[in-house]
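Student: Provided below are the primary sequence and the corresponding predicted coordinates.
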Amino acid sequence: MDKKITKILFSIDKNVNPTEGIKAAVSIAKKCQSSLVYIQTDASCVLFGSNEEEERRAFKLKYFVEVSVLKSSHSFWKGLSLEASALKADVIIASGPAASKSLLNSGMTGVIEGFSCPMLYLNPKSIWNEPKIMFMPLDGRSETRQKFYTTAYWASKFFSQLKIFGLSNPKDKEDQKIVHTYTLQGKLYMEERKIRVSIEEQQLKDRAAFVLEKANNEQNRWVSLVSNGEGMLSKSVFQQVCEEATFPILISPYQEVVGSGTVGY
């Protein structure tokens, strides 16, 4: 839990108000005692004008955080992904519209496939906050376990309370057993790391609506998700929450092999 975060990248889509994205990046940089790298893609807002050096100094005086700018001649998500890989980023803050899902586009799941490190995502409706409480929904798919490490790391950083939701199919007894097991595993994992944790198990169909309602009833909260999908024609919980959230989303990119780092136990 004492991993040093030193490479923090952020980018803000030019079609959104940059205020919340800047707040998020500055907050994370201060929490990690690190500097920032702004990735200015072809679709990003221009953070500094023609007098970049002077404006970066003004940014440091205002926020007490150093920032450098790296330009990328690509689209928003592609440019951010390429630079994150090249720089071996520890965490990314991205502020912009969610990629839409269609027959030819896998939406946010496809976007996050290009990343290997955690991301804090804010859509245009999201309001930045430092989390007093974090929500970690789990379902019966094994990849949901991959968020344990990342969630625990940031909950520890912010001294957050953690609420684990075990969400299972009301008509599938086997799924209910699996979710119950994962929920208890998550609780034990957090307790071993001295994180305040509670659990709630529900059998329901509309998991996205449940997560959104629970989170919207709290202030100063994050939701932790893994970038999984649910088939070509169905909108995943991940996609729906990314589109409709009014709070920051902590994303752990889905990886097939469960090992160390952001996806391990």
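Tutor: The structure has been received and is ready for your questions. All figures in this text were calculated on a predicted structure; none of them were measured in a lab. Numbering: from 1, shown residues only.
Student: residues near K101, how many?
Tutor: Residues lying near K101 (other CB atoms under 10 Å) number 22. Placement of C-beta: from N, CA and C, glycine included.
Student: chain center to the longest helix seen in the chain: distance?
Tutor: Assignment by DSSP state H gives helix 173-192 as the longest helix of the chain. Its chain's average C-alpha position is 22 Å from that of helix 173-192, according to CA atoms, centre = their mean, to the nearest Å.
Student: again with stretch 203-216
Tutor: Computed by CA atoms, centre = their mean, the separation of stretch 203-216 from the middle of its chain amounts to 18 Å.
Student: can you give me the strands for the stretch 101-250 of the chain?
Tutor: Along the stretch 101-250 of the chain, the stretches classed as strands by DSSP state E, counting those that start in this stretch are 101-102, 105-106, 119-122, 133-138, 161-168, 197-203, 221-226, 249-252.
Student: Turn these into CSV, including distance to F76.
Tutor: Putting the strands of the stretch 101-250 of the chain into CSV (distance: least, CB to CB, whole Å) gives the following:
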stretch, distance to F76
strand 101-102, 17
strand 105-106, 14
strand 119-122, 12
strand 133-138, 26
strand 161-168, 31
strand 197-203, 35
strand 221-226, 20
strand 249-252, 16
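Student: From the recorded domain assignment, give the ranges for this protein.
Tutor: Domains of the chain are assigned by automatic domain parsing as 8-96, 133-263.
Student: could the ones you listed be laid out in TSV, adding mean neighbour count?
Tutor: Below are the domains of the chain laid out as TSV (neighbours: other CB atoms under 10 Å):
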stretch	mean neighbour count
domain 8-96	18
domain 133-263	18
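Student: Including mean pLDDT and distance to G107, could those domains go into CSV?
Tutor: Putting the domains of the chain into CSV (pLDDT from 0 to 100; distance: least, CB to CB, whole Å) gives the following:
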stretch, mean pLDDT, distance to G107
domain 8-96, 96, 11
domain 133-263, 86, 5
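Student: Can I get those domains in CSV including distance to K125?
Tutor: Listed next are these as CSV, based on distance: least, CB to CB, whole Å:
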stretch, distance to K125
domain 8-96, 9
domain 133-263, 5
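Student: nearest to C117, of those?
Tutor: Each of the domains of the chain has some distance to C117 by CB to CB; the shortest is domain 8-96, at 5.2 Å.
Student: For that closest one, measure first residue to last.
Tutor: Distance across domain 8-96, first residue to last, is 17 Å (CA to CA, to the nearest Å).
Student: hey, what's the residue nearest the centre of the chain bridged with?
Tutor: Nearest residue to the geometric centre of the chain (CA atoms, centre = their mean): L250, 2.2 Å. On the basis of DSSP bridges, L250 is bridged to L120, S224.
Student: doesn't A155 make contact with it?
Tutor: No - using CB atoms under 8 Å, L250 is not in contact with A155, being 9.4 Å away.
Student: At which residues are the helices of this protein located?
Tutor: Counting by DSSP H, the helices of the chain are 19-32, 52-63, 76-87, 107-112, 148-157, 173-192, 207-216, 237-244.
Student: Contacts for the last one, please.
Tutor: Defining contact as CB atoms under 8 Å, 6 or more residues apart in numbering, one finds that helix 237-244 is touched by 98, 101, 107-109, 121, 123, 125, 137, 139, 207-208, 211-212, 223, 225-230, 249.
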